[in-house]
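Peer 1: could you look at this predicted model? Sequence included:
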Amino acid sequence: MNEIKIKASIKVWIYFILTFVALYAILLGVSYHFSGTSSQWITFVTGGAVVSVYNMIIPRRLVHNTRLIITDDTLTVNSQESWIVQLSGVDSFYTDKYKGRKIIGIRYKDNIADGITDAEIAKGRKERRKSPLTGYPYEIYVGYLAMPQQKLCDLLNSKLIQKS
C-alpha cells in the first residue's frame with residue numbers, strides 16, 4: 001500500500017519562530033523599561049505567559065505536523081480532530097477559497113452523500129468552520145502545506161482515477 005504524507009510548510013515554522021522572537025523582544029523591552037523600579041514581577045509574569053503559551057502550542061504542532069495522509073483507499077485529515085475520507089465514495093476533488101483560506105472540496109458520489117448540493121455545502125461552511133472537525137466532511141483546509149493546493153488536488157484526483 002502506497003502512503004503519501006503531506007506535512008505543514010516550513011513557512012508555518014518560520015512564522016512561529018518569528019512570533020516567539022517578537023514576544024521575547026516585548027518581554028525584554030518591558031523588563032528594560034521597569035529595570036529601575038521594584039516591578040521585576042512584570043518580567044516574570046510576561047515570561048511565564050510566553051513560555052506557558054508556547055509549551056501548550058509547540059507539542060501539538062509537532063504531533064500534528066503531518067496534516068494529510070493519502071493511501072490507495074483513504075485520505076486521513078489531521079486537523080484538531082482527525083477524520084477519514086473513503087476514496088471509494090468520492091466522485092472528485094476541486095480547489096476553492098473560502099474567506100481567503102485555501103480549501104479542497106470533496107464531491108461525493110450521489111448515493112453516498114444523500115444528494116447534498118454544492119449550494120448546501122457552501123451554506124454549511126460557517127458552522128463547520130467552528131467545529132473541532134474543521135471542514136468535515138466536505139472540504140479540506142490546505143493553507144500552509146508543503147504541497148501547493150492545485151498539485152495536491154491533482155494528486156487526489158489521480159488516486160480516484162487509479163481506483164476506477
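Peer 2: The structure has been received and is ready for your questions. Numbering: from 1, shown residues only.

Peer 1: helix or strand right after the worst-scoring helix or strand of the chain on mean pLDDT?
Peer 2: Sorting the helices and strands of the chain by mean pLDDT, DSSP states H and E puts helix 125-130 at the bottom, at a mean of 60. Using DSSP states H and E, the helix or strand that follows helix 125-130 in sequence is strand 139-141.

Peer 1: check for me that D72 belongs to a strand.
Peer 2: No - assessed with DSSP: H, G, I helix; E, B strand; the rest coil, D72 is coil; it does not lie in a strand.

Peer 1: and for it, the neighbour number?
Peer 2: Counted by other C-beta atoms under 10 Å, the residues lying close to D72 total 12. In short, each C-beta sits where N, CA and C put it, glycine included.

Peer 1: hey, where'd the helices end up in this protein?
Peer 2: 10-33, 41-63, 118-123, 125-130, 149-163 (DSSP state H).

Peer 1: mean pLDDT lowest for which of those helices?
Peer 2: If the helices of the chain are sorted by mean pLDDT, helix 125-130 sits at the bottom with a mean of 60.

Peer 1: hang on, T66 packs against V77?
Peer 2: No - assessed by C-beta atoms under 8 Å, T66 is found out of contact with V77, at 10.6 Å.

Peer 1: the two: who's more crowded?
Peer 2: Using other C-beta under 10 Å as the criterion, T66 and V77 rank with V77 on top: 24 against 12.

Peer 1: who's the more buried one bridged to?
Peer 2: Beta-bridge partners recorded for V77 (DSSP bridges): L68, W83.

Peer 1: do I106 as well
Peer 2: For I106, the beta-bridge partners are F93 (DSSP bridges).

Peer 1: so it touches D96, yeah?
Peer 2: No - I106 is beyond contact range of D96, at 10.6 Å (criterion: C-beta under 8 Å).
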